[in-house]
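> this is a predicted model, with the sequence first.
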Amino acid sequence: MSVYQKLRLVMEMIRFSHTIFALPFALSAALLAWCVPDRLGEQISFSSLHLVGILVCMVGARSAGMAFNRLVDRAIDARNPRTENRHLPSGQLSVRGVVLFVIVSVALFVLGTLFFLPNPLPLLLAIPVLGIVFAYSYTKRFTSLAHFWLGMSLSLAPIATWLALRGTAVIAEPLDLLPALVLGCAVLFWVAGFDIIYACQDYEFDVEENLKSIPSTLGVRNALRLAAVSHFVMLFLLAVLPLTYRLGGPVLPLGPIYYLGLVPITAMLIYEHLVVSHDDLTRVNLAFFQMNAWISVGLMALLAVDLFF
């Protein structure tokens with residue numbers, strides 16, 4: 001097998017295209033960070049080097065996390081009819097090769113943090129961030145809240161981006177981080193919601209294997225209700241994002257365009273819940289990938305339009 005073929009299989013294994021879920025939220029945080037003055041009224045200047053650093057860190061962290069998850073879950077995947085043909089259980093990729101890919105991805109992530117020097121925060125926080133990302137792979141063994149841990153892992157994208165670009169401002173005034181925390185929490189509940197929907201496919205298998213998940217604990221019907229509540233919380237957090245200055249955060253230059261843009265995002269979330277039900281999960285992939293890809297990219301585009309036009 002050629003190097004190209006192996007790389008293509010690795011990209012398939014980690015679902016590289018799904019990077020579109022978290023990356024737009026990191027870029028959304030970057031847009032806000034560059035457009036919002038600090039407490040002294042100074043603008044954070046745009047840097048193409050920082051943009052490259054964001055992209056490198058996102059690709060490295062997500063690739064490492066996904067590949068590590070496939071390693072940890074390979075025995076479970078082999079027993080699940082839905083996942084038995086994944087690359088490790090089916091023998092398309094070797095454990096040794098995937099371990100090497102994880103190491104390279106971790107190195108890429110750490111390399112990306114160096115783009116933000118002399119700000120030391122990205123490099124100092126690299127290990128804790130990777131620890132949170134890797135820990136997700138074990139959570140389904142002991143807690144039904146694994147979906148929320150996954151959400152927390154992806155919520156680090158906007159928070160870490162803000163710290164990387166505005167580390168000095170955050171150190172001088174910790175409340176400067178407030179917008180990124182609210183955006184990060186919105187990501188947490190968004191991811192948890194759609195991951196609960198996705199996990200409904202494995203309800204029977206999780207019960208048989210004694211794996212922890214919201215569907216295996218509450219049942220599919222109640223799990224879908226909790227997913228809807230999670231997405232309602234996400235929308236609430238997005239709605240209050242421009243108001244964080246009232247709690248001491250920086251003033252975000254978001255106005256009517258931003259709020260009008262939340263209408264189609266709300267509509268897409270509603271549609272996501274309408275296409276699945278406790279007795280019909282055939283369109284889970286539509287709800288999981290297509291709708292959420294539009295939501296993440298749509299929010300980033302919405303912020304860009306409101307900030308620059």
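Received, thanks.
> when you work out contacts or count neighbours from here on, use the C-alpha atoms and nothing else.
Will do.
> which of the three states applies to the closest residue to residue 62 other than its chain neighbours?
Of all residues not flanking residue 62 in the chain, residue 19 sits nearest, at 7.1 Å (C-alpha to C-alpha, 6 or more residues apart in numbering). Following DSSP: H, G, I helix; E, B strand; the rest coil, residue 19 is assigned to helix.
> how near is residue 31 to residue 108?
23 Å (C-alpha to C-alpha, to the nearest Å).
> now do residue 256
When distance is defined by C-alpha to C-alpha, residue 256 is 39 Å away from residue 108.
> before we move on, what about residue 73?
Counting by C-alpha to C-alpha, the gap from residue 73 to residue 108 is 23 Å.
> looking at these two, which has the bigger crowd around it?
More neighbours surround residue 108 than the other of residue 73 and residue 108, with 19 against 15 (other C-alpha atoms under 10 Å).
> that one touches residue 56, doesn't it?
Yes - contact criterion C-alpha atoms under 8 Å: residue 108 and residue 56 qualify, at 6.8 Å.
> quick one: the helices in the stretch 51-200 of the chain?
Under the criterion DSSP state H, counting those that start in this stretch, the stretch 51-200 of the chain contains helices at 74-79, 95-113, 121-124, 126-139, 146-172, 178-199.
> pLDDT (mean, whole number) over the longest one?
In this model, helix 146-172 has an average pLDDT of 95.
> the last one now?
For helix 178-199, mean pLDDT rounds to 96.
> please apply the same query to the shortest one.
Average pLDDT, helix 121-124: 96.
> list the buried ones in it?
Neighbour counts over helix 121-124 (16 or more other C-alpha atoms under 10 Å) mark 121, 122, 123 as buried.
> and these as TSV, adding distance to residue 233?
Output for those, formatted as TSV (distance: C-alpha to C-alpha, whole Å):
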residue	distance to residue 233
121	29
122	29
123	32
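> of those residues, just say which sits nearest to residue 251.
residue 121 (23.3 Å; C-alpha to C-alpha).
> separation between the closest one and residue 27?
In terms of C-alpha to C-alpha, residue 121 sits 18 Å off from residue 27.
> how about residue 76?
Residue 76 sits 34 Å away from residue 27, going by C-alpha to C-alpha.
> for residue 267, same thing?
Separation of residue 267 from residue 27 (C-alpha to C-alpha) stands at 23 Å.
> those two: which has the busier surroundings?
Each of residue 267 and residue 27 has its neighbours counted (other C-alpha under 10 Å); residue 27 has more, 23 against 11.
> what's the pLDDT at that one?
95.
> and for residue 25, the neighbour number?
27.
> count of neighbours near the residue nearest to it when sequence neighbours are not counted?
Closest residue to residue 25 apart from its sequence neighbours, by C-alpha to C-alpha, 6+ apart: residue 158 at 5.7 Å. Neighbour count of residue 158, defined by other C-alpha under 10 Å: 28.
> thought residue 158 was touching residue 28?
Yes - the criterion here is C-alpha under 8 Å, and residue 158 meets it with residue 28 at 7.3 Å.
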